[in-house]
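J.: Curious how this folds, go ahead:
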Amino acid sequence: AIRRRDRAAAHNPMLVPLLLFVAVAVYASARGWRPEISFPKMHRFLWFLLAFAIPAVQPRPGDGPFVFPLALAGALVAGTTLRSLYDLAAIPLALRHVPEGVTLSFWLYSQGDMRTPQFYMAALCFLMAGVRPAWTAGRRWTKPLATLLNAGGLVIHFKRGVWGAFAGAAAILVVAGRRWRALAALAAVAAVLACLPPARERMATLLADFMKQGNRMELWTKAAPRLIAKNPQGMGLAAMKNRDLYRYVRAIEPKLNHLHSNALQITAELGWAGLAVWLAWMTVVLRLLARAHRRLAARDPAGPGARLALGAFAAFCGLLINGLVEYNFGTGLILILFAVLMGVAVTLDRAAADGAPA
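T.: Alright, predicted model coming up:
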């Protein structure tokens, strides 16, 4: 885009929110508690150049505007499907070597991570929206198999926050796109959860784990209000340390250094101005995706553009829902996913506005 002197980046809807967010981060970090930690962390903002690079990719001759975003969605689904084969084998196999003094349930739950299931969730949103990756063409069994494997990967990590986020994203997808067949995929995941004793145990202990000492409720009601009140302009990007939380929550995990919430963490790090800019930024992305889906669905409800917009909208909603109980906007891998979805949002919105053929 730079080489061909394309000025479209100047009109990218992500430009102003991103610049404002970076400006607030620089200001809060310069005045914050640990600038020597904050400023080296700002390289993560480079990931958001994907929101400009993706719309800058020009279609090849003969390709429509949806070929590249469709390829991105297909690559995501291919990657998560392959990863699910590993997770569905490696996590159960880890139960052969349970350390002495550790319960079987705790060892099983500790094998999963918070990041990978969010990719499964995004892939499932695209699949449930009706997106057909190019590598599934001509093979009717590949898409159902990919859906099943991704659902298994989502379940096997035993992360309840992502389960809830997926349920919310799937509900949004069904209502917004009237994809009633997608309920079958949601029902399949729920059935798998109901059949697995570890999953039932995780759900049965949800409230107790949420309320116990050192967990989210104490972080949100004791640590967060005091940290925010102590420095309403923010303590600086990624400046929070475990000892800052330990002052207010004594039973905290030894290595925990965040508040398990996007809104609270951003407010603590970047102040109220940072929260306002972030909320406006996320609203812009949701508006772009909703508008693109509305326009493309009105043109051709079963077209690839409408399906891509619906899947991206549901996936982005799922990330935000999970961000209610996790700080996923501060994880490099998830930031990549956020940035890619932003780039897809801009691409689809431009295609819808240009009246691109479905």
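
J.: Go ahead and measure how far stretch 282-294 is from the middle of the chain.
T.: Here the centre of stretch 282-294 is set off from its chain's centre by 16 Å, with C-alpha atoms, centre = their mean, to the nearest Å.

J.: List the buried residues of it.
T.: Within stretch 282-294, the residues scored as buried using 16 or more other C-beta atoms under 10 Å are M282, V284, V285, L288, L289, A290, R291, A292, H293. (Glycine included, C-beta is placed from N, CA and C.)

J.: How about residues contacting it?
T.: 13-14, 17, 176-177, 305-306, 309-310, 312-313, 316-317, 320, 341-342, 345-346, 348-349, 351-352 (C-beta atoms under 8 Å, 6 or more residues apart in numbering).

J.: Out of the residues you listed, list just those in helices.
T.: Judged by DSSP state H, those include 17, 176-177, 305-306, 309-310, 312-313, 316-317, 320, 341-342, 345-346, 348-349, 351-352 as members of helices.

J.: What's the ChimeraX line that selects buried ones from these?
T.: Of the ones in helices among the contacts of stretch 282-294, the buried ones can be selected in ChimeraX as follows, counting by 16+ other C-beta under 10 Å:
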select :17,176,177,305,306,309,310,312,313,316,317,320,341,342,345,346,348,349,351,352
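
J.: so where's the stretch 201-350 of the chain uncertain?
T.: Within the stretch 201-350 of the chain, the segments meeting pLDDT under 70 span 210.

J.: mind listing the helices for it?
T.: Counting by DSSP state H, counting those that start in this stretch, the stretch 201-350 of the chain has helices at residues 206-211, 216-218, 224-230, 242-246, 262-299, 304-322, 332-353.

J.: between the longest one and helix 332-353, how big is the angle?
T.: Comparing the axes of helix 262-299 and helix 332-353 via axes from the mean of the first three to the mean of the last three C-alpha atoms, to 10 degrees yields an angle of 30 degrees.

J.: How far away from the center of its chain is stretch 225-239?
T.: 24 Å.

J.: and the spatially closest residue to R132 that is not a sequence neighbour, what is it in contact with?
T.: Residue nearest to R132 in three dimensions, not counting chain neighbours: K143, with 6.4 Å by C-beta to C-beta, 6 or more residues apart in numbering. Taking C-beta under 8 Å, 6+ apart, we find K143 in contact with L127, R132, P133, T136.

J.: give me the element K143 is part of.
T.: helix 142-156 (DSSP states H and E).

J.: What mean pLDDT does that helix get?
T.: Averaged over helix 142-156, pLDDT sits at 92.

J.: hmm, back to that, of the contacts of K143, closest to L275?
T.: Closest approach to L275 among the contacts of K143 (C-beta to C-beta): L127, at 33.2 Å.

J.: coming back round to it: may I see the buried residues of stretch 282-294 organised as JSON lines, with distance to H43 added?
T.: What follows is the buried residues of stretch 282-294, written out as JSON lines (distance: C-beta to C-beta, whole Å):
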{"residue": "M282", "distance to H43": "22"}
{"residue": "V284", "distance to H43": "23"}
{"residue": "V285", "distance to H43": "22"}
{"residue": "L288", "distance to H43": "26"}
{"residue": "L289", "distance to H43": "27"}
{"residue": "A290", "distance to H43": "31"}
{"residue": "R291", "distance to H43": "32"}
{"residue": "A292", "distance to H43": "30"}
{"residue": "H293", "distance to H43": "33"}
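
J.: Which of these sits closest to R226?
T.: M282 (25.8 Å).

J.: Quick one: residues contacting the closest residue to G152 other than its chain neighbours.
T.: Once flanking residues are discounted, G152 sits nearest to L88: 5.3 Å by C-beta to C-beta, 6+ apart. When contacts are counted by C-beta under 8 Å, 6+ apart, L88 touches L149, G152, G153, I156.

J.: What subset of these is buried?
T.: Buried among these by 16+ other C-beta under 10 Å: L149, G152, G153, I156.

J.: from those residues, which two are the most distant?
T.: Between any two of the buried ones among the contacts of L88 (C-beta to C-beta), the greatest distance is 10.4 Å, for L149 and I156.
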